[in-house]
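Peer 1: Predicted structure and sequence below. I'll ask about it afterward.
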Amino acid sequence: MITLHIENTIADYDAWKAAFDRYDRARRDHHVLAYRISRPVDDPARVLIDLDFDTRDDAAAFVQILEKIWQTPLSAAVSSAHTAPELRTVTEQQLVATEV
């Protein structure tokens, strides 16, 4: 799996999340499998987003979509800064508790 990692600086999480949600269809249409949003507990103005893709090509192509989104007035209204998107390979394993 390939993850596209992005970090944003925001002022208002609820406004940012509402704007983020408006692009659900774009994510689906461009092969995003899943996403995770996290924020450091000591810095709620930072939002970290991981978008999961099956292939590196799909993830790399989505960077162009992000650049267009970031140029919209909606994005400018809710984010003050973005880091350059970073492609990461991901290995994930769910741990299941076992009875002793």
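Peer 2: Good, I have the coordinates.
Peer 1: I'd like to know how many residues surround the nearest residue to residue 38 once chain neighbours are set aside.
Peer 2: Of all residues not flanking residue 38 in the chain, residue 48 sits nearest, at 4.8 Å (CB to CB, 6 or more residues apart in numbering). To be clear about C-beta, it is placed using only N, CA and C from the backbone, and glycine gets the same treatment. For residue 48, the neighbour count with other CB atoms under 10 Å is 14.
Peer 1: Check residue 14 too.
Peer 2: Neighbourhood size, residue 14 [other CB under 10 Å]: 9.
Peer 1: before we move on, what about residue 71?
Peer 2: 9.
Peer 1: next one: residue 16
Peer 2: Applying other CB under 10 Å, I find that residue 16 has 20 neighbouring residues.
Peer 1: Now it: which helix or strand?
Peer 2: Assigned by DSSP states H and E, residue 16 falls within helix 13-21.
Peer 1: and that helix, average pLDDT?
Peer 2: Summarised as a single mean, pLDDT over helix 13-21 is 93.
Peer 1: Now tell me what touches that helix from outside.
Peer 2: Helix 13-21 has contacts (CB atoms under 8 Å, 6 or more residues apart in numbering) with 8, 10, 37, 39, 44, 47, 49, 74-75, 77-79.
Peer 1: List the buried residues in that helix.
Peer 2: By neighbour count on 16 or more other CB atoms under 10 Å, the buried set for helix 13-21 is 16, 19-20.
Peer 1: next helix or strand past that helix?
Peer 2: Past helix 13-21, the next helix or strand by DSSP H and E is helix 24-29.
Peer 1: Can you tell me which of the contacts of helix 13-21 is nearest residue 85?
Peer 2: residue 49 (9.3 Å; CB to CB).
Peer 1: Quick check: bridge partners of that closest one?
Peer 2: Judged by DSSP bridges, the bridge partners of residue 49 are residue 6, residue 37.
Peer 1: elements contacting the worst-scoring helix or strand of the chain on mean pLDDT?
Peer 2: Across the helices and strands of the chain, mean confidence by mean pLDDT, DSSP states H and E is lowest for strand 79-82: a mean of 76. The helices and strands touching strand 79-82, judged by 3 or more CB pairs under 8 Å, 6 or more residues apart in numbering; DSSP states H and E, are strand 2-10.
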